[in-house]
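> Return a 3D structure for these sequence lines:
(chains A and B)
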There are 2 protein chains.
Amino acid sequence: MALTDLERLERNENGIATAVAVLAQRFGDRLKTSMALREQHAHTTTYIPSQLPDAVVFATGEDDVRETVRVCAQYRVPVIPFGTGTSLEGGVNAPAGGISIDLTSMNRIVRVDAEDLDATVEAGVTREQLNSHLRDSGLFFPIDPGANASLGGMAATRASGTNAVRYGTMRENVIALRAVLPDGRVIRTAQRARKSAAGYDLTRLIVGSEGTLAIITELTLRLYGIPEAISAAICSFPDLESACNATILAMQSGLPMARIELMDASTVRAVNAYSRTDIPEQPLLLLEFHGSPAGVQEQTEAFGAIARDCGGSDFRWVTTTEERNRLWKARHDVYWAVRAAAPGKQAFATDVCVPISRLAECVAETERDIADSGLYGPIVGHVGDGNFHAAICCDPADADELGRAEAVVERLAMRALAMEGTCTGEHGIGQGKRRFLRLEHGPGVDVMAAIKKAIDPDNIMNPGKVLTA
Amino acid sequence: MALTDLERLERNENGIATAVAVLAQRFGDRLKTSMALREQHAHTTTYIPSQLPDAVVFATGEDDVRETVRVCAQYRVPVIPFGTGTSLEGGVNAPAGGISIDLTSMNRIVRVDAEDLDATVEAGVTREQLNSHLRDSGLFFPIDPGANASLGGMAATRASGTNAVRYGTMRENVIALRAVLPDGRVIRTAQRARKSAAGYDLTRLIVGSEGTLAIITELTLRLYGIPEAISAAICSFPDLESACNATILAMQSGLPMARIELMDASTVRAVNAYSRTDIPEQPLLLLEFHGSPAGVQEQTEAFGAIARDCGGSDFRWVTTTEERNRLWKARHDVYWAVRAAAPGKQAFATDVCVPISRLAECVAETERDIADSGLYGPIVGHVGDGNFHAAICCDPADADELGRAEAVVERLAMRALAMEGTCTGEHGIGQGKRRFLRLEHGPGVDVMAAIKKAIDPDNIMNPGKVLTA
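Numbering: from 1, shown residues only, chains lettered A, B, ... in the order given. Down below sits the predicted model:
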């Protein structure tokens, strides 16, 4: 199957018609069936074609989610949770139709506890909204995927971003969840203690399950104190491999890097054009150090020595908060910068992740492979985690170009798996990466399918995602 | 049901007899049915009475585990994995009889990768064995429950210990597992990349499942560089509450404490007697700081200021490595020190964990409750996590004393749950804490049961543990 061919699953037409009618009566104006809204709720940011839901329910609280799921369960109709619609792998598509539950109005910050360094939020709160809310508290939430995604969606896809090397991913930073099960019951996956050995880890089971087991309605998240000192820098390298080698040495030496991000020259060119920055157009690392003033000083000196040994040069310090924010904003907008640099093209947003010892080799082979393919495919990465993106751009109407792009994407996933890595470090499986799941997990996929069947026997929760079934 | 009354589950006598005969043929001398070995494999370190398996298979590799599980599955006979038998909650008991699989000979260290800071070990490797093996590599594995437990057992119970405040628990430090399913198939739960968004988190599902879903045969673990500088200290406080308050302030100020351990005066007395130390017999914190020399200096000064504000005094620096090792060895032996201080008594080894803001209150209320009960119940804790142990000692033959002890244990669990905490921070549910599971997780327990049923429909994997069924 070509990457851009999505199967339509069988539609339960009668069930859908009944459920939409029942929900319309229940929700009135808060249920929408207009084509514009349906299209918006299957909007995908990548190459994956849209598959529209039949209706959208705008939930204002957990009871709305429960009620919608109950009705859908009764008539065996798919339910697709919708946060900000920024999935890169078709997470919000409705291949068998059904009801999209829009959670954007569930955007209350329920509590912030500065003593316990945690907060409880509704699933529709975005990461930027939370951090704005925290601004005067001296606290922050570090997980920052490219998009200003909803925290429910970030938990559902086990998202990470530029700070994960220091602070972990959503896997490490969700303390507890509330979620609606396919039968309409609500579970709370854990208490608020930092650790527990009480029973199966339902929190981590739902984190990363992409809406296929339950719909997250509320999250309790770890917060961190804003470091006393923050220092950012840009360091150029003669080639990607050297930049990767510096990263590897920094990680192996135990330097507590807060951010260590790779960009190749063509990414920098796209960023400079899109975000009006003047970053040197060479392979480079963007760095950030967090700690006490003395600690940050120590870290930067230690990293400087490593970088010089690896051929790094032209260290530029980013001194003001404003300049630093501008730099990271530009980094977060890389996807859009690359899209703007390749007008009329679609992008395969790959995100393999390998053990750090294999990073330089994996990046170098991928760089060569993209060059050989003749395609535009800039490379950028959260390299401290061994995670990098090659945005393989092509015109999907050009069969030859599409074929070459698909072949590069396929070889990249295989290369990462052969290096004991994963096909997706942070974007999730969605629809786009399902064919790699068994190659990565073997019979583990059968265990996942057994769990799915046990919790959602009628397969109403975001069907057609993650598992092939 | 009294805590010390364990139900016997129904025994499948014919199945057990057949399975033992088939396995005896298969394993010859490596299957044992002597009373001495059966007793040793149901040995419990706590108040929980032993329930013996019918036979013990000494596995030398994963194939032995597979073969044993296959035979047991065929005849519907329980399988109980056995590491070092140091469960505090009856983890190795056989309430319906069956086969104990002894994994102690599966003690090969498969690989250590200094570049990726990880290692792969068989399930029977103990934490001390791994750290001895790593001694010359500059690396260490930080998770350190009191016992020199097997790493497979530590993963199965989601263990932690004194370093968890800085390095996390087994939840954060297992990268991947190999495990044998009830049908004899083997899964590998993840590749070796540091993060992944590919499918359900089977690693975290099996970590903490206490052998009820699968038998862990191999683990890939995170390692850490031994810090450049390590500094330990003892600081006395006028009372437990003051020590807890100092802990809370240290955690809230973001100090990266490596260890912050509480002991009450009666624990210190027991430790001094058992381990021949001369620690001041007052409420105190044992501390350890990791980092660069300057970083450690900074941390100790910052902590010193906090401690003084909370009434801390009599700071004693533990300067030599030898003295430091002796101190932590004494800390690890607290359980045995307390047992030695209360000859003829059994101990309820409680281990609640609460949000840090509630720690002082929870400890203070517990201290008063124990005093009111007239029982010996010293308090010790990994207080940086909000986790503490009160070892409630009583003579199980003295009905009145037993009743008072059970009431204290019950109230302690309820107190922690009411404070948004957990009934077990690190010991697991086993048999001993099953009645608290639904109080803690509500309908989440039904989800756990559904997963158990889906993966182990005949309930052969460590039956009678974690879930009530």
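
> quick one, domains of chain A?
When chain A is parsed with automatic domain parsing, its domains come out as A:13-105, A:109-225, A:229-418.

> near chain B, anything from the first one?
Think domain A:13-105. No - on the criterion Cβ under 8 Å from any Cβ of the partner chain, domain A:13-105 is out of touch with chain B, staying 9.1 Å away. Every C-beta, even on glycine, is put in place using the N, C-alpha and C of the backbone.

> For that domain, the averaged confidence score.
For domain A:13-105, mean pLDDT is 96.

> Show the end-to-end separation of that domain, please.
Length of domain A:13-105, first residue to last, Cα to Cα, to the nearest Å: 29 Å.

> Listing request: residues of chain A with sub-threshold pLDDT.
Within chain A, the stretches with pLDDT under 70 are A:1-5, A:469.

> can you pull out the helices in the stretch 151-300 of chain A?
A:151-156, A:164-167, A:170-173, A:202-206, A:240-252, A:265-275, A:293-309 (DSSP state H, counting those that start in this stretch).

> Show residues contacting the second one.
Meaning helix A:164-167. A:142-143, A:173, A:224, A:251, A:256-260, A:290, A:382, A:384-385, A:387, A:426, B:195 (Cβ atoms under 8 Å, 6 or more residues apart in numbering or on different chains).

> run the last query once more with 6 Å
Helix A:164-167 has contacts (Cβ atoms under 6 Å, 6 or more residues apart in numbering or on different chains) with A:Pro142, A:Met257, A:Ala258, A:Ile260, A:Gly384, A:Asp385.

> re the thing from before, deepest-packed of the domains of chain A, please.
domain A:109-225 (a mean of 23; mean count of other Cβ atoms under 10 Å in any protein chain shown).

> hmm, back to that, what would the helices of the stretch 151-300 of chain A look like in JSON lines with distance to B:Leu88?
JSON lines is the format used below for those (distance: least, Cβ to Cβ, whole Å):
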{"stretch": "helix A:151-156", "distance to B:Leu88": "32"}
{"stretch": "helix A:164-167", "distance to B:Leu88": "32"}
{"stretch": "helix A:170-173", "distance to B:Leu88": "26"}
{"stretch": "helix A:202-206", "distance to B:Leu88": "23"}
{"stretch": "helix A:240-252", "distance to B:Leu88": "36"}
{"stretch": "helix A:265-275", "distance to B:Leu88": "53"}
{"stretch": "helix A:293-309", "distance to B:Leu88": "38"}
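
> if I look at the nearest residue to A:Val354 once chain neighbours are set aside, how far off is B:Pro53?
Residue nearest to A:Val354 in three dimensions, not counting chain neighbours: A:Gly421, with 3.3 Å by Cβ to Cβ, 6 or more residues apart in numbering or on different chains. A:Gly421 sits 40 Å away from B:Pro53, taking Cβ to Cβ, to the nearest Å as the criterion.

> do stretch A:362-370 and chain B meet at all?
No - Stretch A:362-370 stays clear of chain B (Cβ under 6 Å from any Cβ of the partner chain), getting no nearer than 10.5 Å.

> what residues does that stretch touch?
Contacts to stretch A:362-370, defined as Cβ under 6 Å, 6+ apart, come from residues A:Leu240, A:Glu241, A:Cys244, A:Val354, A:Gly377, A:Phe388, A:Ala390, A:Val408, A:Arg411, A:Leu412, A:Met419.

> these two touch, right, the second one and A:Ala360?
Yes - here A:Glu241 reaches A:Ala360: they are 4.9 Å apart, a contact under Cβ atoms under 6 Å.

> Residue of the stretch 201-350 of chain A closest to chain B, please.
Closest residue of the stretch 201-350 of chain A to chain B, Cβ to the nearest Cβ: A:Arg204 (3.6 Å).

> by contact count, what packs against the helix ranked longest in chain A?
Longest helix in chain A by number of residues (criterion: DSSP state H): helix A:399-418. Here helix A:399-418 is seen to pack against helix A:359-373, strand A:387-394, helix A:434-441 when contacts are counted using 3 or more Cβ pairs under 6 Å, 6 or more residues apart in numbering or on different chains; DSSP states H and E.

> In terms of secondary structure, what does the second one contact?
Taking 3+ Cβ pairs under 6 Å, 6+ apart as the contact definition, the neighbouring helices and strands of strand A:387-394 are strand A:346-349, strand A:379-382, helix A:399-418.

> Nearest to A:Leu134 among those would be which one?
Across the helices and strands packed on strand A:387-394, A:Leu134 has its closest neighbour in strand A:379-382 (22.7 Å, Cβ to Cβ).
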